[in-house]
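Enquirer: Output the structure for:
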Amino acid sequence: MSAMSPPPERFTDHEIDPVFLSRWSRRGFCDEPIAVSQLFTLFEAARWAPSAKNAQPWRFLYSRRHDANWPVFLDLLYPRNRIWAQRAAALIAVVSRTVHKDGDGIRPSPTHAFDAGAAWALLALQAHRDGLNTRAIGGFDRACALKALGLPGDYEIHAFVAVGRAGPAGKLPDHLQGLERPTPRRAASEFVAAGLFPWSDE
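Expert: Below you'll find the predicted structure:
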């Protein structure tokens, strides 16, 4: 099966490009490093995301394994994530600016998180096309991250992303090995509706 072949756990109700099905987020990484130029190919893809009238509020901070800042990035993750992320080639912090300069003034940027999410999605798809694995990490100490990464008060951190070559599931702790598989998704009909909000259980 090629890297772009959809795994059997995933199928669609409507035809889409196979890249969306074949990409999934592994916890298993090998110890192989990746070059800075490879990372910047991912950032280049993120650069072309829809950008809120070209405000481009996203920011990416990164550290490769063995860089001076690697312990800082890794220690911000919760222990349950640190045990597998330590084998990644790089960690990326996904950040966005919560305000936007408008002429001589500054106004809130209501879509900053939305825009950063769009940029991260393009980064992840480019990584997959390049034979790299990415996994977004929401489990980290946000308060400490703001301080440790030196973020100004008008920036917010959303996630870390582990990047690298995929490694064998057998090197993961036993309790994670069973989770190392592609997951299905809800049918689009469960989260799409014409007109007003219809879901009573949300």
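Enquirer: hey, what's Phe29 bridged with?
Expert: In this structure, Phe29 bridges to Ala166 when assessed by DSSP bridges.
Enquirer: in the protein, which spans are strands?
Expert: Under the criterion DSSP state E, the chain carries strands at the ranges 58-64, 90-97, 99-102, 105-108, 133-137, 155-164.
Enquirer: Serialize these to CSV and add fields for distance to Asp13, mean pLDDT and mean neighbour count.
Expert: C-beta coordinates here come from the backbone N, C-alpha and C atoms, glycine included. Compiled in CSV, the strands of the chain are given as follows (distance: least, C-beta to C-beta, whole Å; pLDDT from 0 to 100; neighbours: other C-beta atoms under 10 Å):
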stretch, distance to Asp13, mean pLDDT, mean neighbour count
strand 58-64, 31, 98, 19
strand 90-97, 30, 98, 23
strand 99-102, 38, 86, 14
strand 105-108, 38, 90, 10
strand 133-137, 25, 98, 22
strand 155-164, 29, 98, 22
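Enquirer: So for Val19, which of these sits nearest?
Expert: Taking C-beta to C-beta as the criterion, Val19 comes closest to strand 133-137 out of the strands of the chain, the separation being 13.3 Å.
Enquirer: now the helices: where do they sit in this protein?
Expert: Chain-ordered helices for the chain, with DSSP state H as the definition, fall at 19-22, 36-47, 70-75, 79-85, 112-129, 142-148, 174-177.
Enquirer: so what does the longest one touch, helix or strand wise?
Expert: Okay, so that is helix 112-129. The criterion is 3 or more C-beta pairs under 8 Å, 6 or more residues apart in numbering; DSSP states H and E, and the helices and strands that helix 112-129 contacts are helix 19-22, helix 36-47, strand 58-64, strand 90-97, strand 133-137, strand 155-164.
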